[in-house]
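Novice: the sequence and its predicted three-dimensional model are supplied below.
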Amino acid sequence: MNINLTLIIEGLAFFATAWLVMKYGWPPMMAAIEERQKKIAEGLTAAEQARLELKEADARVEVEIHQARQQAAEIIEHAHRHAGQIRDKALEDAQAERNRQKAAATAEIVSATERARSELRAQLATLIVDGASHILQREVDANAHRKLLDELVAEL
Amino acid sequence: MAGIAPQESMTEYINHHLHHLQWKVGSGAFWTINIDTVIVTLVLLGLFLAVFIPVARRATSGVPGKFQALVESILMFVDDLVRETFHGSSKFIGPLSLTIFVLTFLMNFMDILPVDLLPSAAASLGVHHLRVVPTADLNTTLGMSLGVFLLVQYFGLRHKSLGLFFKEMVTVPFQTDQPVLKVLLALPNLLLRVIEEAVRPVSLSLRLFGNMYAGELIYILIAVLTLGMGWSHGMTYIMGPAQFLADFVWTLFHLLIITLQAFIFMMLTIVYLSMAAEQH
């Protein structure tokens, strides 16, 4: 094997290639790879964070729903209670009104009866006087017998 | 080849295949250039750069294309090895390792091409000698390993002070606290260091060269099986299949070797450089 000038040429060619690779090939390629690695790492972190946030939001939603249910139950219960109160009050009012009207009607009946009775008494007195006149064939002085008549009417 | 005895033609064939296309640029054996080695090297490194650099410049940090993914995976493979082994700071070691790996692989791969393909194509153009495997030329492997040797020294100097660099030459590997022993051990230490440093480029280059040269030689020997035979020759029908089988098996095996040798050359370069950068 002859060692000759080829050795130097080959050595130089080799290192010149390596230098060109260092200058123009390696850095952009490496930068692209590293940037992608960074992107992937960021993506993973973001995904993890999103997962945590979702979990948190789920928990919050759970609490909110629970609270809402409770509130709704309270409102319904309150409404029921209120409705009961209104019903009771209406019932009471109606009862009072009935009693009142009943009392008024009773009073009117009583007074009308009384009125009718006293009218009838008055008329009866007249009738009695008229009848007595006819029987006696003469005028009866109503005034003269007023006291007697009144006693008679009162007895009726 | 009529008229030549088979033995002679076989020797001729093998010698012919082992002869470089040379250009004498001056007097003396050294001032010669193996033009075939240089041209194939330039074509291959041109190919490498023409493919790699545009891909690298157009590399996207988004979703990579299939080819970019391939290039990236090779790059990351080399980069991981460098990061695992080399703990100093250097912008050059990664690109250098990648270049060594890919370029050595490409050069080695020339061995897989049919052994007579390019030489006979060249012969039809009037070029009568052509060796297509640059790494089967000791000049290539030694040129590379001497470059690595120089770089190792540079790394040693750059990663430590000048004093420490020379101090390590006489205090490592035999260490002592006694001044007298220190002086006594200085010479053995220096001697070992010189041997160590000198052996590295030699072993590095000879390992690759030996593998590739042997591989090339075996391909030539397989080719010789049917040398000078034609369709009318009875032996063709026995040797032909044997040649095919041998070629097939050797190619499978050799594919492993060329990859492994490229990897070893790169790995040892990284190891030598990281040893130089570390403080003992």
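Specialist: Right, received. Where do you want to start? Source: prediction; values computed, not measured. Numbering: from 1, shown residues only, chains lettered A, B, ... in the order given.
Novice: residues of chain A that sit close to chain B?
Specialist: Selection of chain A residues close to chain B by CB under 8 Å from any CB of the partner chain yields A:1-15, A:17-22, A:24-26, A:28-33, A:35-36, A:39. To be clear about C-beta, it is placed using only N, CA and C from the backbone, and glycine gets the same treatment.
Novice: now the helices for chain A?
Specialist: Under the criterion DSSP state H, helices of chain A are mapped to A:6-20, A:26-136, A:146-155.
Novice: again with the stretch 51-200 of chain B
Specialist: With helices called from DSSP state H, counting those that start in this stretch, the stretch 51-200 of chain B shows them at B:66-85, B:93-109, B:117-124, B:138-159, B:162-171, B:179-224.
Novice: including distance to residue A:146, could those go into CSV?
Specialist: Output for the helices of the stretch 51-200 of chain B, formatted as CSV (distance: least, CB to CB, whole Å):
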stretch, distance to residue A:146
helix B:66-85, 141
helix B:93-109, 150
helix B:117-124, 170
helix B:138-159, 157
helix B:162-171, 162
helix B:179-224, 167
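Novice: so which of the ones you listed is nearest residue B:258?
Specialist: Residue B:258 lies closest to helix B:93-109 among the helices of the stretch 51-200 of chain B, at 3.4 Å (CB to CB).
Novice: relative to helix A:6-20, how tilted is the closest one?
Specialist: Angle of helix B:93-109 versus helix A:6-20, following axes from the mean of the first three to the mean of the last three CA atoms, to 10 degrees, is 130 degrees.
Novice: pLDDT on helix B:93-109, on average?
Specialist: Helix B:93-109 comes out with an average pLDDT of 95.
Novice: check the offset of it from the chain's centre.
Specialist: In terms of CA atoms, centre = their mean, to the nearest Å, the centre of helix B:93-109 is set 9 Å apart from its chain centre.
Novice: got it, and stretch B:148-165?
Specialist: Relative to its chain's centre, stretch B:148-165 lies at 24 Å (CA atoms, centre = their mean).
Novice: and stretch A:68-78, by the same measure?
Specialist: Remark: stretch A:68-78 is offset 9 Å from the chain centroid, using CA atoms, centre = their mean.
Novice: please apply the same query to stretch A:25-42.
Specialist: 62 Å.
Novice: touching that stretch from outside, list them.
Specialist: Residues from elsewhere that reach stretch A:25-42 (CB atoms under 8 Å, 6 or more residues apart in numbering or on different chains): B:49, B:52-53, B:55-57, B:59-62, B:64, B:71-72, B:75-76, B:79, B:94-95, B:98.
Novice: contacting chain A as well, which ones from those residues?
Specialist: Checking these against chain A by CB under 8 Å from any CB, the ones in range are B:49, B:52-53, B:55-57, B:59-62, B:64, B:71-72, B:75-76, B:79, B:94-95, B:98.
Novice: just the buried ones out of those residues, please.
Specialist: Among those, those classed as buried by 16 or more other CB atoms under 10 Å in any protein chain shown are B:49, B:52-53, B:55-56, B:59, B:64, B:71-72, B:75, B:79, B:94-95, B:98.
Novice: what is the distance between the lowest-mean-pLDDT helix or strand in chain B and the centre of its chain?
Specialist: When the helices and strands of chain B are scored by mean pLDDT, DSSP states H and E, helix B:6-17 comes last with a mean of 78. Relative to the chain's own centre, helix B:6-17 is displaced by 27 Å; criterion: CA atoms, centre = their mean.
Novice: tell me the strands beside the next helix or strand after that helix, with direction?
Specialist: The C-terminal neighbour of helix B:6-17 among helices and strands, as given by DSSP states H and E, is strand B:22-24. Its sheet considered, strand B:22-24 pairs with strand B:32-34 (antiparallel) by DSSP bridges.
Novice: just the residues contacting the partner strand, thanks.
Specialist: A:2, A:4-6, A:9, B:20-25, B:131, B:137, B:139.
Novice: how far does that strand sit from the chain's center?
Specialist: 18 Å.
Novice: for the record, mean pLDDT for that strand?
Specialist: Rounded mean pLDDT across strand B:32-34 is 90.
Novice: same check on stretch B:53-69?
Specialist: Mean predicted lDDT for stretch B:53-69 stands at 90.
Novice: what are the contacting residues of that stretch?
Specialist: Contact partners of stretch B:53-69, identified using CB under 8 Å, 6+ apart, comprise A:20-21, A:24-26, A:28-29, A:31-33, A:35-36, A:39, B:71-72.
Novice: again, but for stretch B:217-224
Specialist: B:10, B:13, B:14, B:17, B:18, B:111, B:115, B:116, B:243, B:246, B:247, B:250.
Novice: excluding its backbone neighbours, what's nearest the last one?
Specialist: It stands for residue B:250. Closest residue to residue B:250 apart from its sequence neighbours, by CB to CB, 6 or more residues apart in numbering or on different chains: residue B:218 at 5.8 Å.
Novice: same question, the first one
Specialist: Here the nearest residue to residue B:10 in space, its sequence neighbours aside, is residue B:224; by CB to CB, 6+ apart that works out to 5.5 Å.
Novice: what's the spacing between that neighbour and residue B:17?
Specialist: For residue B:224, the distance to residue B:17 (CB to CB, to the nearest Å) stands at 10 Å.
Novice: give me the number of residues near the residue in the stretch 101-250 of chain B that chain A sits nearest to?
Specialist: Closest to chain A within the stretch 101-250 of chain B is residue B:143: 3.3 Å, counting by CB to the nearest CB. Residue B:143: 27 surrounding residues under other CB atoms under 10 Å in any protein chain shown.
Novice: before we move on, what about residue B:209?
Specialist: By other CB under 10 Å, neighbour count at residue B:209 equals 21.
Novice: tell me where chain A is predicted with low confidence.
Specialist: Applying pLDDT under 70 to chain A flags the ranges A:1, A:138-142, A:156.
Novice: let's see it at 50
Specialist: Filtered on pLDDT under 50, chain A yields no residues whatsoever.
Novice: state the number of residues packed around residue 44.
Specialist: No chain in the question, so chain A it is. When counting by other CB under 10 Å, one arrives at 10 neighbours for residue A:44.
Novice: can you look at chain B instead?
Specialist: Residues within reach of residue B:44, counting by other CB under 10 Å, total 21.
Novice: if I read this right, it contacts residue B:132, doesn't it?
Specialist: No - when contacts are counted by CB atoms under 8 Å, residue B:44 is not listed as touching residue B:132 (10.2 Å).
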